[in-house]
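Colleague: Next one to model:
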Amino acid sequence: MMDLEDYLNAGTTTISNLLMTYYNKLGMTNQEFLLYLQLLHYQQEGNSFPDLQEISQRMGISNDDIFTVMENLLGKGFMQIKRIQDPQGRTGDSYDLSPIYVKIQQLLQSKIKKEAVVEHELGIQELFQMFEKEFGRPLSPMELETIKMWIVEDKYELEIIRLALRESVLNQVYNLKYVDRILLSWERKNLKSPVQIQQQQQKRKTELANQAPRQSEMSKEDLPKVPLYNWLNPDND
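Modeller: Numbers count the residues shown, from 1 in each chain. Model (predicted):
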């Protein structure tokens, strides 16, 4: 029976969790994965080009089968054979196991893009619903197309369109032409992000708030002086 010391001395093979998680989604079969792990084990032991016959014995399959599995790994682009040169200047073959991680990266990027597309589509649907709620009626096909054009052709962010809608509602105007004028106005002012627009809106509110007291004082100064008349004692005028 193997004791703990023998177990520890046997060493370990380090495997990326990404490889464990995505190998099947990349189209790698279990047998191909097992051969890849065997090659990874040898590589971590310092042997970058092990004997496939030795590996076939470990895996319990024939030489023909092991070569077929190897061809599959190479053909699917999970690994490649490279010519290398050792410190003594001798050249030889080596199994490069890194290409599979490029495929994993591409898979993850594709997954992120798909999730972003789904999230964007949901955002568009929510935007339609927001317009219908604020307008108090369903949008016409032409109105739906106008909003899509803002997104697809004019490249307005969804949040910017939402801000324009809120601005229109605050002014009690419930049509897309007015919203479009707001968007064009922001574009002419080079306001290209929701943060810039909100900062501009806050600045405008502050300016209006500061102007109100001054206008009130000026209006008082401009009022004509009205003489007071004592209706109880007119002789004292």
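Colleague: Show me where this protein has its strands.
Modeller: For the chain, the strands defined by DSSP state E occupy 80-85, 91-96.
Colleague: Output the contacting helices and strands for the last one.
Modeller: On a contact count with 3 or more CB pairs under 8 Å, 6 or more residues apart in numbering; DSSP states H and E, strand 91-96 meets strand 80-85. (Glycine included, C-beta is placed from N, CA and C.)
Colleague: Run the chain-centre distance for the strand it packs on.
Modeller: Distance of strand 80-85 from its chain centroid, counting by CA atoms, centre = their mean, to the nearest Å, is 37 Å.
Colleague: related to what we said a few turns ago, among the strands of the chain, show me which one is buried the most.
Modeller: Stretch with highest mean neighbour count among the strands of the chain: strand 91-96 (a mean of 13; mean count of other CB atoms under 10 Å).
Colleague: Now tell me what touches that one from outside.
Modeller: 39, 43, 48-49, 79-86 (CB atoms under 8 Å, 6 or more residues apart in numbering).
Colleague: Same question for stretch 56-67.
Modeller: Stretch 56-67 has contacts (CB under 8 Å, 6+ apart) with 31, 34-35, 38, 52-53, 55, 69.
Colleague: Show me just the buried residues among the residues you listed.
Modeller: Among the contacts of stretch 56-67, those scoring as buried are 31, 34-35, 38, 52, 55, 69 (criterion: 16 or more other CB atoms under 10 Å).
Colleague: ok so, going back, what is the lowest-pLDDT residue among the contacts of strand 91-96?
Modeller: Ranked by pLDDT, the contacts of strand 91-96 bottom out at residue 86, which scores 80.
Colleague: Spatially nearest residue to that one (excluding sequence neighbours)?
Modeller: Leaving aside its chain neighbours, residue 86 sits nearest to residue 92 (7.1 Å; criterion: CB to CB, 6 or more residues apart in numbering).
Colleague: Provide the partner residues of that neighbour in its beta bridges.
Modeller: residue 84 (DSSP bridges).
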